[in-house]
Structures are given as C-alpha cells and as structure tokens.
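Colleague: dropping a prediction and its sequence here:
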Protein chains: 2
Amino acid sequence: MLKMTYNQILEYFENNQQNRLKEKINLLHSADSAQIINELPSEYQFTAFSLLNDENASDVLPDLYDELREDILEKMQQNRLVKIIDEMETDEAADIIGELEDDVSKELLEKIDKEDSEDIKQLLKYDEESAGGLMQTEIIAANQEMKRDEIIEYIRENYEEVENIHYIFVVDNDNKLIGLLEVTHLLLAKPQRKAKDIMDKNVISAQVDLDQEQVAHIFRKYDIYILPVVDKEHHLLGRITVDDIIDVIDEEASEDVYKMVGLESEDRVFTSPLSSVKKRLPWLTLNLFTALLVSSVVGIFEQTIARLSFLAVLMPIVAGLGGNSGTQTLTVITRGIALGELTIHNTFRAIIKEITVGIVNGILIGSAAVLIAYLLKGNIMLGVVLGTAMICNMFIAGLVGSLIPIIMKSLKIDPALASSVIITMLTDIGGFASFLGLATILL
Amino acid sequence: MLKMTYNQILEYFENNQQNRLKEKINLLHSADSAQIINELPSEYQFTAFSLLNDENASDVLPDLYDELREDILEKMQQNRLVKIIDEMETDEAADIIGELEDDVSKELLEKIDKEDSEDIKQLLKYDEESAGGLMQTEIIAANQEMKRDEIIEYIRENYEEVENIHYIFVVDNDNKLIGLLEVTHLLLAKPQRKAKDIMDKNVISAQVDLDQEQVAHIFRKYDIYILPVVDKEHHLLGRITVDDIIDVIDEEASEDVYKMVGLESEDRVFTSPLSSVKKRLPWLTLNLFTALLVSSVVGIFEQTIARLSFLAVLMPIVAGLGGNSGTQTLTVITRGIALGELTIHNTFRAIIKEITVGIVNGILIGSAAVLIAYLLKGNIMLGVVLGTAMICNMFIAGLVGSLIPIIMKSLKIDPALASSVIITMLTDIGGFASFLGLATILL
C-alpha cells in the first residue's frame, strides 16, 4: 500500500503537481511520510519536506536518516525551524538542537518558547546515552494531597501538551516522587479520594545519569511503558517512554553486532561510500597487522612447509574451524552480557561450559578430520597431527571466546569490542602454530 | 541491591529458614524473584519456586530460563499448575501450555477456567511467531453506541482481569474494529458522549497471521504501546502489548546475530554443554566441508607452494582481510534488512555501494601490503601479486557480502542465514585462488 503511495508521490513530482503533492503528503501518518521522504530520489527530498505543515514536519524530522536530516537542517530557514521545534516534545527538540552547530543552536534557543528553551538547555547537559538524554520534561505530576477531580482538571489543562499520559506521577511537597497513578485507576476512583490514597507506592524509577542500556534493562525486566526519571535526592525530573526505549534496544543490538565485526554504528546501508571507507579503514588496518602477526607465526615453520608442502594445503582447515568456533562462543557470551544473563555469580560456570563445548566439538570434528586426512593422504601420523591440532585450537577458541569479553566487561570496557578480529587472530595463531608445530616434531 | 537480596536468600536456604524464605521471596517484585531463581544453585531452584504464592508464581514462570521452566513444569503437581495458569493472562498461559506434552496440556485445558480454556485453545492454533501467537484475548472493547459512562462501568467490571488497559477498542455491531479510545480521553469526555464520537478513527491494527517481525516493525514505526489484532474481515480478536514486543525485538536481534555465526537461538550462556555441543555440531560439520573445499583450492597450487614456500606464509593475509571485510558488508546488509532500511527501491544502490567500499579499501590496504611485502622480501613482483590479490578479494567480499543476503531475502529465505561460514568460504577461495594463481603466473 505504501508502495502505491510512494509511486503516486513520485508521479506528482514528475508532473509538477505541487498542490496535490502537498495535500497528499500532509494526509499521511507522519511515520509513513518519513519513510517515503527517506526513499525519494535525493532531488525531491527537500521539497517534499518543505511541503509538510509545521506539526507534521516536527514528527517527520526525527525519523529521517541522519545524513538527510543534516542536509535539510542546513538548507532550512531559521524561522521555519523555530516553528517546527516549538511543535516538538522536549526530548526530540533537544536531540535535533544537539545536532546543530553551537552558534546556530544558541540563536535558536533564544527564539523558541521560553519554558521549553529552559528545559531543553537542561536536557542538553545530560549525556546523550543516559536516562537524562532520553527523557522528556512533559509530564503530569500531581501533589499527593490533590483530589481525584482536581487531578482531572489539571490533566485537562495540560492534555494538549503531553502525549501518551497513561500515568500520573505523584510527588510530595518537595517534588520528590512517591507514587504512580494509572489513568484508568483515576477514572474509576471516587471524586474526593486523594492522590496519596489511590496511588501505587511501588514505583520504579531511574536516576538521571543511568546509562541507556541499563534503562532499557529496567523496561525489559519490569514490563513497563513509562519510567519516571529522578535526581539523586529523588526529585522528579521527567519521564522516558517505551517507544524511545525500542529505539535504544535497536541501536544497542546493532551496536553489539557492529562492534563484533569492527563497524561503527553510523555505518549504515546508505552511508556514503567515502564515509564508509573512512569508518572501516582503521579496523581493516588493525586487521592487516593481526594478519601480519599470524603470517609471522606461519613464517617460523617455513622450512617445514618447504619440505612438506601439503601442510599449507591443510592448515586453513584447522584455523578456519577454530575461528568459527571462537566466534560462536564470543557471540553467545557477548549476547549473554548484553541481555543481562551473565552476572558475577555465574561467570566461571560460563567459561568452563564454553571450554567443554570447544573440547568436545574438537574431538568430534577432529576425528572426522583425521579420517578424511587418512583417506586422502594415506598417512595416519598426518591424521593424528591434524586431529590433535584441531582439539587444541577448539579448546583455545572456547577459552579466548569466553574469557576475553568477560575480562573486558570486568574492566568496564565494552565486551562487544572483543571483536572477531582479535578472536580470529588468536585462533589463527593457535591453529597454525599447533598444526605446524606438531607436524615439525612428528612428521 | 539485588545482590544483597540474593545472598540473603542463599543464606536462608543454607540455614533452612523456610518461613523467612517464603516471606522474603513473595515480597519481591516478580521480575526480581525470577532473576534470583534463575541464578540460584540448581538444588534450590525448585524449592524457591514452590514457595511462591500462585499469583507470584504465575508472573515468575514465564521469566524463567527455558530449561529451568521445563524442569519445574515436569516436577510440579497438576493442581498447582491449574491454579497458576488460572492467574495468567491468556497469551502467557498459551505459551506455557504450548510447551507441555500433548496429553498433559489436554488434561490441563479441561481443568482451568472454561472461558480462558476456549481462548487459549484458539490462541494455540496460531503460529507462535505471528500476531496471533503474541496476542492476548483480555481486552476492553466497547460498542460504538456506548456512552462514556457506560464504558466506564464496563471498565470497572473488567478492571481486575485486564492489565495495562490504556486504550479501549471501539467496535461496530459486527465486532469489527472501527476506532480507538485513549483512557485519558475518555476521562475528559462528557458523560453522554458516545464512543463513536470521541474515538480516534485512524486505528492501526495487525492481521492475526502477520509475522512477529512485521508486528515489531509496526510498533517501531508508529511508536505505539498497544496494537489491536483483527482477522481478515477486521473482526477484533485481541491485542498485543509493547512489553511482549520488546521480547520479540530482543529475540529477533539475537537470532540475527546468532544465525550469522551458525548458532541456534536456544543456545544460551547456560544451555547445558551437551545440548550446546549438539546444536553447534551440524554447523561445524558444514564448516569442515567448506574448509575442505577451500583446502582443495589451495591444493591446486601445491606445486607452486613447494617451489615458493613463503607464499604459504603470506596467503593467510589475503584470505583473512577478505573474510573480515566480507563479514562487515554482510552485517551492514542483514542489519539493514532487519531494520527495514533496505527495500525494493534501493537494493541495487546498496550493492554498488558495498562493492565500491570493498575496492577502495582493497586499494588502500593492498598498497600498504605491497609496501610491507617489498620491505620484508625485497621483491617488487611479490608485492604486486599480494596487492592485486587483495583488491580482487575485497571486491569479492563486497559483492558476495551484499548480493547473497539480498538474493536470499528475495527468495524469502532468512538473509541472516547467509552466515559468515559461507561468506568466509567464498573470500577464502577468492583470496587463495587469486593470490596463488597470480603467483603461479607471475613469479
């Protein structure tokens, strides 16, 4: 269905039907408009965006691809941007303003709505990847002494400004968070009941400096939709909504996979080729050095290879299986850390398990390899060398694949950075050295 | 803080203080109890679970690790299980019952609450990974003619049974979904207003057979918390809540990484070693065959290696960099497909981009390698062979890393299955063949 809309919009562009275009694009759900603008040929993108009314533009802007948004922000008139920012919620406004040049953002902050401007300045001080960086200041907070009907009046006055209310936060006279009140519960309560009597006191909250990954864990674990954010003294500052957490979870999941293969998170399908080259080059350079290291280990055995050239034919088998086995272990462990399954109590068990799996698989796959080597070359000793090297290397794979991310985690380095390049370097070295070393001694 | 609770509970166990244990574990948030039980030494796990009252047990059971839950379900008395299931929401009850043996689940379905039993039987018919498999039948649906105050009465009567209401679904006389009504909006509406006059008509819904990955896309794209599920004729069947979608997103993200390295999604940190060995063995066996294939390509050039043994020392460099570069491309493309960024309009552009990045990086890294080879061996021709082979192989990496997952996607095979083992096989073959082939001709 969206494909049809896309084609129609493209047709309007080609036939220069601006009025129809404007009508059509403003009737769509903003998420659909954003998707279409993201996919339009680049010469139409800015025009399409400028045809949106301010409210739609404020919903579409955060959903555009980063490079496109940057481009549009550069071309846009300032008074238009002021209007768009005024329509946004504070968390999104802060994200957009945070992307601008310092002088541009300063000017902008003076022109937008005063109250919002203060809130946004405050939000910009928090780390982008913390609870403070995710929260919005649009909340409905009721004093504990407020009666049901007073709260309803208060909601009525602020209804336009706060989307997805669902929960009222209850605070004491110091603005400290003391409870949560579901709107449905409020709907069913008697008119004279006070907030403190009908609220839920077991309210889960996040401190403003909590890392976004931890914030996502809270949502994941407690199955909540909205999370209040407080400072150290438990004063209520804002709230985080679950839709923003889904973005965080997507981002963190991408990041974890990306880091494992040495990619930066901004390196997406449609990042410009030049920018992707730049982003990938440092890691490939590192990879060149690890490869040279591996190569120098092979070099130690050059005389053996000169004598027995079939070793060079077989050696990729040992290294390849070790590398893949190590990457499997690495993936299980980093994913376990990311999802919070691996904790301090059970680390040792996890390492032992991965080593066991490595050795057992090494024995099984190694035996198959022994058989194959024997059938191919008729050399039982060669089979023994190959099989033993495989068992050694799968043991190494289990050990380094689990130990390295766990050590990094305990050193507070992101375990996903224990990327496949390090693990495969170690299993390559382990594989070549054990295979060629054993061959030098035994053959 | 949870660590302290964990230690206390462990202490109660060791001192055999059952009463304190029971009190403590029932006071915790069910998500915390579940985490603690998951991490307890295995001899205490069943006892800890049996100390939970029925309501807490019904919240904890779905959050236990799969193998532990299986174990507990096997040991549990049937009448206890009936009570626990009766406390559950239908979607979770269906998940649990779906895990049981056929005869056990049949018996159970006869003993639990009649109405729930009918709903659960219906839910069990849907594919586990579809909208139907995710939805619950506990909903508040109001006829379009109902007045505000009637709806409130209706909510009051069903409040206990439906958690996280937040939205009322509005249906016509045929039970077809025609609108959505936010509880906050209902709270502010006048007593005599009818549902059809205050509802939002632009309601987003999912068909019952929609795949869960697509369902997650709807939540992600439209930033919603609750999604109604309908049949082909748009009759309202149930709803999906965002907390279940977070689980789906986690699951799909794990699955994508896992498939890329040939892991099954049930292979977690604490899956038993034997079970992990079994799960990983088929893929490692496949890997043994791809490694043999690679080895046989190297075998073609055995004479060249016998003559120039230093080629065996350098050849892992070409293969290694190609493999890592190909895995990077594979990751960018599969992640782009998973997040819906890669669509039919832009496939070709994506492939061209990845090939370009591969060639450019090949030229840059290749030049560095040429220089290094020259410095090490003083042989300019060897440098040319190494550099050219690298450019070839990085081109191959960009091509196969993008083309293979895209082809698989268009054949409706999961692109994440284009696992690293296939890509590294191709880049290994490409690397060894181009390097040794060029060397045979030129050196």
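Modeller: Perfect, I can see it now.
Colleague: only C-alpha atoms for contact and neighbour calcs from this point on.
Modeller: Noted.
Colleague: from chain B, how far off is the residue of chain A positioned farthest from its centre?
Modeller: Distance from the C-alpha centroid of chain A, by C-alpha atoms, centre = their mean, peaks at residue A:378 (51.8 Å). Between residue A:378 and chain B the distance is 16 Å, computed by C-alpha to the nearest C-alpha, to the nearest Å.
Colleague: with just CA atoms, put whichever strand or helix holds residue A:23 into PDB.
Modeller: Using DSSP states H and E, residue A:23 falls within helix A:18-27. C-alpha atoms of helix A:18-27 as PDB (Å, rounded to 0.1, in the frame of the first residue of the first chain):
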ATOM      1  CA  GLN A  18       2.600  20.800  -6.100                       C
ATOM      2  CA  ASN A  19      -0.900  21.200  -4.700                       C
ATOM      3  CA  ARG A  20      -1.800  17.600  -4.900                       C
ATOM      4  CA  LEU A  21       1.600  16.700  -3.500                       C
ATOM      5  CA  LYS A  22       1.100  19.000  -0.500                       C
ATOM      6  CA  GLU A  23      -2.300  17.600   0.200                       C
ATOM      7  CA  LYS A  24      -1.300  14.000  -0.100                       C
ATOM      8  CA  ILE A  25       1.900  14.200   2.000                       C
ATOM      9  CA  ASN A  26       0.200  16.000   4.800                       C
ATOM     10  CA  LEU A  27      -2.700  13.500   5.000                       C
END
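Colleague: what is it packed up against?
Modeller: helix A:2-14 (3 or more C-alpha pairs under 8 Å, 6 or more residues apart in numbering or on different chains; DSSP states H and E).
Colleague: what is the helix it packs on packed up against?
Modeller: Short answer (3+ C-alpha pairs under 8 Å, 6+ apart): helix A:2-14 packs on helix A:18-27.
Colleague: and the next element down the chain from the helix it packs on?
Modeller: Helix A:18-27 is succeeded, C-terminally, by helix A:30-39 (DSSP H and E).
Colleague: where along the stretch 51-200 of chain A do the helices fall?
Modeller: For the stretch 51-200 of chain A, the helices defined by DSSP state H, counting those that start in this stretch cover A:54-60, A:66-75, A:78-87, A:90-99, A:102-111, A:114-125, A:131-134, A:148-158, A:183-188, A:195-198.
Colleague: and the strands in chain A?
Modeller: In chain A, the strands defined using DSSP state E lie at A:141-143, A:167-171, A:177-182, A:206-207, A:226-230, A:236-241.
Colleague: residues from the stretch 51-200 of chain A in reach of chain B?
Modeller: A:152, A:156, A:165, A:166, A:183, A:184, A:187, A:188 (C-alpha under 8 Å from any C-alpha of the partner chain).
Colleague: which residue sits closest to the second one, ignoring its sequence neighbours?
Modeller: This means residue A:156. Excluding its sequence neighbours, the residue lying closest to residue A:156 (C-alpha to C-alpha, 6 or more residues apart in numbering or on different chains) is residue B:188, at 6.6 Å.
Colleague: domain parsing for chain A?
Modeller: Here the domain assignment for chain A is A:2-133, A:141-258, A:273-442, based on automatic domain parsing.
Colleague: present these as a markdown table; the columns should include mean pLDDT.
Modeller: As requested, those are exported to a markdown table (pLDDT from 0 to 100):
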| stretch | mean pLDDT |
| --- | --- |
| domain A:2-133 | 92 |
| domain A:141-258 | 94 |
| domain A:273-442 | 90 |
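Colleague: just the buried residues of the residues of the stretch 51-200 of chain A next to chain B.
Modeller: A:152, A:165, A:166, A:183, A:184, A:187 (16 or more other C-alpha atoms under 10 Å in any protein chain shown).
Colleague: so what's the last one up against?
Modeller: With C-alpha atoms under 8 Å, 6 or more residues apart in numbering or on different chains as the criterion, the residues that contact residue A:187 are B:152, B:187.
Colleague: for residue A:151, see how far away it is.
Modeller: 11 Å (C-alpha to C-alpha, to the nearest Å).
Colleague: most packed of the helices of the stretch 51-200 of chain A?
Modeller: Among the helices of the stretch 51-200 of chain A, helix A:131-134 has the highest mean neighbour count (mean count of other C-alpha atoms under 10 Å in any protein chain shown), at a mean of 28.
Colleague: helices or strands next to it in the packing?
Modeller: Applying 3+ C-alpha pairs under 8 Å, 6+ apart, we find helix A:131-134 packed against helix A:114-125, helix A:212-222.
Colleague: what residues does it touch?
Modeller: A:91, A:123-124, A:126-128, A:206-212, A:215, A:229, A:240, A:244.
Colleague: can you check stretch A:279-297 too?
Modeller: Contacts for stretch A:279-297 (C-alpha under 8 Å, 6+ apart): A:262-264, A:267, A:421-422, A:425, A:428-429, A:432-433, B:313-317, B:320-321, B:324-325, B:361, B:365, B:369.
Colleague: buried subset of these?
Modeller: Buried among those by 16+ other C-alpha under 10 Å: A:262-263, A:267, A:421-422, A:425, A:428-429, A:432-433, B:313-317, B:320-321, B:324-325, B:361, B:365, B:369.
Colleague: inside helices: which ones of these?
Modeller: A:421-422, A:425, A:428-429, A:432-433, B:313-317, B:320-321, B:324-325, B:361, B:365, B:369 (DSSP state H).
Colleague: need the contact partners of stretch A:244-261.
Modeller: Residues contacting stretch A:244-261 (C-alpha under 8 Å, 6+ apart): A:134, A:212-213, A:215-216, A:219, A:264-265, A:334, A:416-421, B:220, B:246, B:249-250, B:253, B:257, B:324, B:327-328, B:331-332, B:335.
Colleague: what angle separates the helix holding residue A:23 from helix A:2-14?
Modeller: 150 degrees (axes from the mean of the first three to the mean of the last three C-alpha atoms, to 10 degrees).
Colleague: so which bits of helix A:18-27 are buried?
Modeller: A:21, A:22, A:24, A:25, A:26.
Colleague: is residue A:334 in contact with residue A:419, as I believe?
Modeller: No - using C-alpha atoms under 8 Å as the test, residue A:334 is too far from residue A:419 to be in contact (10.0 Å).
Colleague: who's more crowded, the two?
Modeller: residue A:334 (28 against 24; other C-alpha atoms under 10 Å in any protein chain shown).
Colleague: check contacts around the more buried one.
Modeller: A:256, A:405, A:415, A:416 are the contacts of residue A:334 under C-alpha under 8 Å, 6+ apart.
Colleague: redo that, cut-off 10 Å
Modeller: A:256-257, A:260, A:340-342, A:401-402, A:405-406, A:409, A:414-419, B:269 (C-alpha atoms under 10 Å, 6 or more residues apart in numbering or on different chains).
Colleague: same question for residue A:125.
Modeller: Here residue A:125 is in contact with A:94, A:98, A:132, A:133 (C-alpha under 10 Å, 6+ apart).
Colleague: out of the residues you listed, who's nearest residue B:79?
Modeller: Closest to residue B:79 out of the contacts of residue A:125 is residue A:132 (47.7 Å), distances taken as C-alpha to C-alpha.
Colleague: how much space separates that closest one from residue A:95?
Modeller: 12 Å.
Colleague: report the two of the contacts of residue A:125 separated the most.
Modeller: Across the contacts of residue A:125 (C-alpha to C-alpha), the longest gap, 13.6 Å, separates A:98 and A:132.
Colleague: for these two, list the residues in contact with both.
Modeller: A:123, A:124, A:125.
Colleague: quick one, helices of the stretch 251-400 of chain A?
Modeller: A:273-300, A:302-307, A:310-338, A:347-377, A:380-410.
Colleague: tally of neighbours for residue A:343?
Modeller: 13.
Colleague: distance of the nearest residue to residue A:310 once chain neighbours are set aside from residue B:388?
Modeller: Distances taken as C-alpha to C-alpha, 6+ apart place residue B:302 nearest to residue A:310, at 6.6 Å, with adjacent residues excluded. Note on residue B:302: its distance to residue B:388, by C-alpha to C-alpha, is 21 Å.
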